[in-house]
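Asks: Take this sequence and fold it.
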Amino acid sequence: MPDEPQFTREEPFFRDPDSESNPPQGTEPGEADAIESQSETPAPPAPPATDAASAQAQLDEAERKAAEHRDAWLRAKAEVENVRKRAQIDVANAHKYALEGFASDLLPVKDSLEATLAAEKGTLEALRSGVELTLKQLESVFEKASLKEINPVGEKFDPHRHQAISLLPSDKEPNTVINVLQKGYLLNDRVIRPALVTVAKGRDA
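Replies: Numbering: from 1, shown residues only. Prediction:
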């Protein structure tokens, strides 16, 4: 009788569910997952070398512009200081030489007075004529300098322009200037010397 094939009986394979749920010995719960996730996360790519060079170039450019702006600020500050100093010098010169033109105009007047006094054989009429000519020169200088006289005979008394010396009885209207003892003067409409006057008062006052 021929040999019959022999069949071996294989035991079924069973996987222990506890072995899958339990992590390997020596690891805490969740540590295995962390290890697995770390092993699966790829490393970030290294930054390109050109980024560092670009940042350095931008820094150099910023420093260059900052130096330019500082240099421009220093030049502007120096210019402002020079302008301030020039203005101070101009103001000082203006105060110092403010009367230069007026003084120059007075020189011919002095020359005329000296020439009149130097005439040894001049008659009284010639002397008077020389003085009158000199007075006209002086009046021309005053007019050029906006220097006007105050001679208020017959005008109403003005305490802003006149200084009363006395009150005298008069037939004129009270508070009227009847005599000028000394003329006053205005410089550009500003009183630099009031006129000394006597003022009329009523007969019954």
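
Asks: Look up which residues are beta-bridged to Gln182.
Replies: Counting by DSSP bridges, Gln182 is bridged to Leu196.

Asks: That one against Pro194, yeah?
Replies: No - checked against CB atoms under 8 Å, the pair Gln182 and Pro194 is beyond contact range at 9.1 Å. In this view, the C-beta of every residue, glycine as well, is placed from N, C-alpha and C.

Asks: between these two, which one's more packed in?
Replies: Pro194 (20 against 13; other CB atoms under 10 Å).

Asks: ok, the more buried one - contacts?
Replies: The contact partners of Pro194, by CB atoms under 8 Å, 6 or more residues apart in numbering, come to Ile150, Arg161, His162, Gln163, Gly184.

Asks: any idea how far Leu186 is from it?
Replies: In this view, Pro194 and Leu186 are 10 Å apart by CB to CB, to the nearest Å.

Asks: which neighbours do these two share?
Replies: Common neighbours of Pro194 and Leu186 (CB under 8 Å, 6+ apart) are Ile150, Arg161.

Asks: Quick one: mean pLDDT over stretch 56-68.
Replies: Mean pLDDT, stretch 56-68: 90.

Asks: oh, I was asking about stretch 125-133
Replies: Averaged across stretch 125-133, pLDDT comes to 87.

Asks: got the buried residues for it?
Replies: Buried positions in stretch 125-133, judged by neighbour count with 16 or more other CB atoms under 10 Å: Gly130.

Asks: just how off-centre is the biggest helix by length in the chain within its chain?
Replies: Among the segments of the chain that qualify as a helix by DSSP state H, the longest is helix 49-96. In terms of CA atoms, centre = their mean, to the nearest Å, the centre of helix 49-96 is set 18 Å apart from its chain centre.

Asks: how far does stretch 114-127 stretch from start to finish?
Replies: 11 Å (CA to CA, to the nearest Å).

Asks: can you list the residues that contact that stretch?
Replies: Gly130, Val131, Thr134.

Asks: now stretch 165-173
Replies: 154, 176, 178-179, 181, 196-203, 205.

Asks: This protein: strands as residue ranges?
Replies: Assigned by DSSP state E, the strands in the chain fall at 147-150, 162-169, 177-182, 184-187, 190-193, 195-201.

Asks: And the residue nearest to Phe102 when sequence neighbours are not counted, how close does it get to Leu186?
Replies: Closest residue to Phe102 apart from its sequence neighbours, by CB to CB, 6 or more residues apart in numbering: Ala145 at 5.3 Å. Per CB to CB, Ala145 is found 11 Å from Leu186.

Asks: now swap in Lys201 and tell me
Replies: Taken as CB to CB, the span from Lys201 to Leu186 is 27 Å.
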